[in-house]
Structures are given as C-alpha cells and as structure tokens.
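# 3D, please:
(one chain, ligands or ions: 1)
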Amino acid sequence: MKAIPLLSSGLDSVAALSIAAESLEIDMALTFDYGQRSAEREIEYAQKVCEHFGIEQQVIKLDWLAGITSSSLVNRDAEVPELSFEDISGGAPAEITEASAKAVWVPNRNGVMLNIAASFAESRDCEYLIVGFNGEEAGTFPDNSLDYVRAVDECLSYSTQNGVKVLAPLIELDKPGIVRKALETNAPLEYSWSCYHGGKKPCGSCESCRRRARAFREIGVKDPLLEKLGH
Ligand SMILES: [Zn+2]
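Next up is the predicted model:
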C-alpha cells in the first residue's frame, strides 16, 4: 500500500507521516505554498523531514489562494492573534478562540490541498493520503474532523478511479498524545515547524506555538526543535 503525505512540517503532519511510515510505503510528500508567512521555513523543514524518510518532496505553489485570502497567516498587514496558555486551555471566552480561528482561516484550504493531493495519488497508484488532522483542532476547525475525512473519502470515491482515501492517524489524539506517538515512532521533530510566523525561531506566542509548548510541557519532555535552536 502506497501513500502520499501532506507535509507542512508542522508537529501534526510530521507525526502523522512518521506513524504511517511504519506500515505503509511512502511514495513522496507534498508541501503547499499559499503565501503563508511561514512558507519558506515550512518548505525548508519539510525537505529535511523528506530526507529523513528518504522520499522526494514536491512543493505546490498556490499563488491564486494567496491572492484571495485575507487571513493573517498570509496578509502581513493583519496581526496573527496571540493566545495565552489559559486561553487555549478553555480559560478564554469562546469568542476569543473563535476569533483566533477566524483570523487564521484560509478559504477551503484543506479542501483544495486534499483534492490536488488526490490527483497525485491516483496518478502514482497510491491508495492513501496522509494528513495530520487531530482531535484537539477538530474542536475549532471543522475541516480537521472525522466527519470531514469521511465526507472527503466519499467524494474521492467518485472523483478518483482507484478510490483514494484519507488516512488521519491522529484523528482521536490531542497534542500531548500526538507528541507521545511522534516520539515513539522516532519522528524527526527537530525539523518540525509549527509557528505561524517564519522567523529564525518559533515566536512562542501564536496559537500553534502555545499548543505545541503545552503538549511538551504536559508530557515533561523538551521540544527537540527548541533544543536544536539552543533554547
Ligand atoms: Zn508562533
């Protein structure tokens, strides 16, 4: 069975790839550039992850998506929301986490990326796409949920001749669970970039950095990326 991961180099996509690689042949990986602030860093880190797994990386540029989105992930004039640990732990009113999710939303991003990846999978005789969708983010982002995975599978049963399916090995896990699984499978987390920004070091205060930091703190392990960067 062959599979193609959607690899942003974020904690989730690297963990999902690492878990899937234990039982599937990984054909190649796709990294998407839709003009996000962290694109350059994600491409660089995903390339290192691909070297680790001995697979080819293809970068797909989606300039048109960059052009039509006002998300603060892409639009440098808008501010990326900063959340505290209390905010992401349920301490914030729902409006704050919802506003944060809205500010980083890119129109139909996962829908676009999955359909492009499905074309690659069909043309290369791959049965699966691997994604890092997870339980923690499904609460905020409906395109991370099991319902969505099932719906995409249903669509792809019509639009691909080989019935490409989405494999989401983290779908029931929260972030600490994901870090545990990643460490168990020796995922190269020192080359995993989660920050919404593309600086030399992760900012530490965006929602993605906060969730990652909380996960490592909760299981009592140092983040290999921060160790590598000398934190
Ligand atoms: Zn950050």
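# next helix or strand past the worst-scoring helix or strand of the chain on mean pLDDT?
None of the helices or strands of the chain scores lower by mean pLDDT, DSSP states H and E than helix 94-103, at a mean of 73. Along the chain past helix 94-103, the next helix or strand (assigned with DSSP states H and E) turns out to be helix 109-123.
# what sits up against that next one?
Contact partners of helix 109-123, identified using CB atoms under 8 Å, 6 or more residues apart in numbering, comprise 3-4, 6, 28, 30, 32, 34, 58, 60, 62, 65, 126-129, 131, 143-144, 148, 152, 156, 159-162, 164, 166. Any C-beta I mention is one placed from the backbone N, CA and C, and that applies to glycine too.
# Buried only: go through these for me.
Among these, those buried by neighbour count (16 or more other CB atoms under 10 Å) are 3-4, 6, 28, 30, 32, 34, 62, 65, 126-129, 131, 143-144, 148, 152, 156, 160, 164, 166.
# mind listing which of the residues you listed are in helices?
Assignment to helices by DSSP state H places the following of the buried ones among the contacts of helix 109-123 there: 65, 148, 152, 156.
# Just give me the closest of those to residue 213.
Nearest to residue 213, judged by CB to CB, of those is residue 148 at 26.7 Å.
# how many other residues sit next to the nearest residue to that closest one once chain neighbours are set aside?
On the basis of CB to CB, 6 or more residues apart in numbering, the spatially nearest residue to residue 148 that is not a chain neighbour turns out to be residue 142, at 6.3 Å. Burial of residue 142, expressed as a neighbour count using other CB atoms under 10 Å, amounts to 12.
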